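Trainee: Would you be able to build a 3D model of this:
(4 chains)
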2 protein chains.
Amino acid sequence: MNDQTLIPLHTLKVSCSNCSLRELCLPVGLNREELAQLDAVIRQSRRLKRGEFLFRSGENFKSLYAIRTGFFKTCVSSQDGREQVTGFLMSGELMGLDGISSSVHGCDAIALEDSEVCELPFSRMESLGRDIPSLQHHFFRLMSREIVRDQNVMLLLGNMKAEERLAAFLLNLSQRLSSRGFAANDFVLRMSREEIGSFLGLKLETVSRTLSKFQQQGWITVDHKHIQLVLPEQLKELISGCVHANGQ
Amino acid sequence: MNDQTLIPLHTLKVSCSNCSLRELCLPVGLNREELAQLDAVIRQSRRLKRGEFLFRSGENFKSLYAIRTGFFKTCVSSQDGREQVTGFLMSGELMGLDGISSSVHGCDAIALEDSEVCELPFSRMESLGRDIPSLQHHFFRLMSREIVRDQNVMLLLGNMKAEERLAAFLLNLSQRLSSRGFAANDFVLRMSREEIGSFLGLKLETVSRTLSKFQQQGWITVDHKHIQLVLPEQLKELISGCVHANGQ
DNA sequence: CGAGCGGTTGAACAAGATCAAGGTCCGTGG
DNA sequence: CCACGGACCTTGATCTTGTTCAACCGCTCG
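Mentor: This next block holds a predicted model:
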């Protein structure tokens, strides 16, 4: 809050050069000069409150968004109101890739906590990619990684049973949090049981029951949204065989 | 066959310039000169017999493959043998995009009938993209389209019930076939009931039963792999509400 | 303080999986 | 040519998992 009195937030120019996510986000592998070029393209960051939409399905697509801080869900929803959460995204991850194909966003992106994102105008990213091959290459890799991630979700939804889905979900969260420097085995869920269920193709009651079951077995502790993985090996054991290496 | 006596097949250089899939495949929107450049990159086509692997999960990734003729499935499979079909691909469609992220193929691609593919060495595609912005742009769009497609499959696997999945599957096939000039309502399935089931997250018995049910209702006729859509509107009715516009 | 959202838990129910039997088509070899 | 074996499919009966419906709890926010 104090910041606001010193430097008006809306003029705060972000910079990849000194962003702590440098090694995780788009700039991977760029040198100083290339980083500066990338910085020039990135529009100032945007802040969102919990519950706010970053973009909606059907809106014109112009930019990708990289998460600086916070937590998002993306979801596609059908006319009759059914909603499928297609992903939970945290810092350093990119949103909006599905909009490139038709110049229209194909899903909603909603902040699950107060968040801050960097806006990357896509057309400028495209031309910058032509000048910086390593950026172009990394960009292709990011899109491809999203495809791989989606394939793994398909495997989960198509083949795994409730306990396996939940175990895979918890371990995936844990792994991504720890690669960002947070505790791997002690974290707070940012989403509701219903949102977890939507992502995993389960009803919220099943999510709740399965978490309780894990707790009864002493594998985890559940205190509302606060989760501790007590015996993560047991969770891994559960999904050994149905998963290879989990990207992202 | 006569061709073979005149020009040995293995030296047959393919060419986008006079390929009938020009408007469907990678060259969309290129001019004559750009087409020629793309032709120069495309290695001669490769023929596969039914059942043959085009690539396997874990193999080094070097090229993308565009289908000239034939039909493929892609699948990820887990250590314990569970297999998830992630897609069925027909002429003009691109395979291997998931390999870019790690330089290793993430899934198997298997020909479901005798097929022919064009090999596109990825690194040359990348550099060509820098020279031909419209190619680069189209390439991004293709990758993005794959992400959109995957999201729709997630919606299907996460939210829809057996009948809806089958209906969506049949209509999707129908639509893609018709956009290639084949009959929309009369076609031959290239895959087994088990493969359909794997793709849709159902067991083969459920697929069989559901097809029978559609037939009893007079919506389709089933004669082994020969399917006719008698009342496609009824199938659309069934999924109205759970699907928007179906890409690809 | 009360309303309401989010979560937990129980009981009944249903969709789809599993188990099992039998059928058809097709390629191979006698 | 026919017989045989195997892959693929269909259909029925039973069982299991997860859904649905419902009641209740506890926290948060007007």
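
Trainee: what separates the most centrally placed residue in chain A from DNA strand C, distance-wise?
Mentor: Centroid-nearest residue in chain A: residue A:89, 1.3 Å away (criterion: Cα atoms, centre = their mean). From residue A:89 across to DNA strand C, the span is 19 Å (Cβ to the nearest atom of the strand, to the nearest Å). All C-beta atoms are positioned from the backbone trio N, CA, C, and that covers glycine.

Trainee: Residue A:97 is in contact with that residue, correct?
Mentor: No. If you go by Cβ atoms under 8 Å, residue A:89 and residue A:97 don't touch, sitting 11.0 Å apart.

Trainee: Now do the shared contacts for the two.
Mentor: The contact sets of residue A:89 and residue A:97 do not overlap (Cβ atoms under 8 Å, 6 or more residues apart in numbering or on different chains).

Trainee: Can you name the residues bridging to the residue nearest to the centre of chain A?
Mentor: As for beta bridges, residue A:89 partners with residue A:72 under DSSP bridges.

Trainee: For it, list the residues it contacts.
Mentor: Residue A:89 neighbours (Cβ under 8 Å, 6+ apart): A:67, A:71-74, A:95, A:109.

Trainee: With DNA strand D as the reference, measure out to it.
Mentor: 24 Å.

Trainee: what's the burial count for residue A:164?
Mentor: 20 (other Cβ atoms under 10 Å in any protein chain shown).

Trainee: what about it, helix or strand, and which?
Mentor: Assigning secondary structure by DSSP states H and E places residue A:164 in helix A:162-178.

Trainee: and that helix, which residues are buried?
Mentor: Neighbour-count burial for helix A:162-178, counted by 16 or more other Cβ atoms under 10 Å in any protein chain shown, picks out A:162, A:164-174, A:176-177.

Trainee: Packing partners of that helix?
Mentor: strand A:83-90, helix A:133-159, strand A:186-188, helix A:193-200, helix A:204-216, strand A:226-229, helix A:232-239 (3 or more Cβ pairs under 8 Å, 6 or more residues apart in numbering or on different chains; DSSP states H and E).

Trainee: Mean pLDDT and distance to residue A:116 added to the ones you listed, as CSV?
Mentor: Below are the helices and strands packed on helix A:162-178 laid out as CSV (pLDDT from 0 to 100; distance: least, Cβ to Cβ, whole Å):
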stretch, mean pLDDT, distance to residue A:116
strand A:83-90, 96, 12
helix A:133-159, 96, 20
strand A:186-188, 96, 18
helix A:193-200, 98, 21
helix A:204-216, 98, 29
strand A:226-229, 97, 24
helix A:232-239, 95, 30
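
Trainee: Out of the ones you listed, flag the one nearest residue A:117.
Mentor: The closest of the helices and strands packed on helix A:162-178 to residue A:117 is strand A:83-90. By Cβ to Cβ, the value is 9.9 Å.

Trainee: and the closest one, how far out from the chain's middle?
Mentor: Relative to its chain's centre, strand A:83-90 lies at 8 Å (Cα atoms, centre = their mean, to the nearest Å).

Trainee: moving C-terminal of that strand, what's the next helix or strand?
Mentor: As assigned by DSSP H and E, the chain's next helix or strand after strand A:83-90 is strand A:94-95.

Trainee: by contact count, what packs against that next one?
Mentor: Counting by 3+ Cβ pairs under 8 Å, 6+ apart, strand A:94-95 packs on strand A:63-69.

Trainee: partners of the strand it packs on in the sheet?
Mentor: Sheet pairing for strand A:63-69, using DSSP bridges, gives strand A:94-95 (antiparallel), strand A:115-121 (antiparallel).

Trainee: got the ones you listed as TSV, with mean pLDDT and distance to residue A:49 columns?
Mentor: Below are the strands paired with strand A:63-69 laid out as TSV (pLDDT from 0 to 100; distance: least, Cβ to Cβ, whole Å):
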stretch	mean pLDDT	distance to residue A:49
strand A:94-95	96	17
strand A:115-121	95	8
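
Trainee: what about the helix holding residue A:164, near DNA strand D?
Mentor: Yes. Applying Cβ under 7 Å from any atom of the strand, one finds helix A:162-178 touching DNA strand D at A:162-163.
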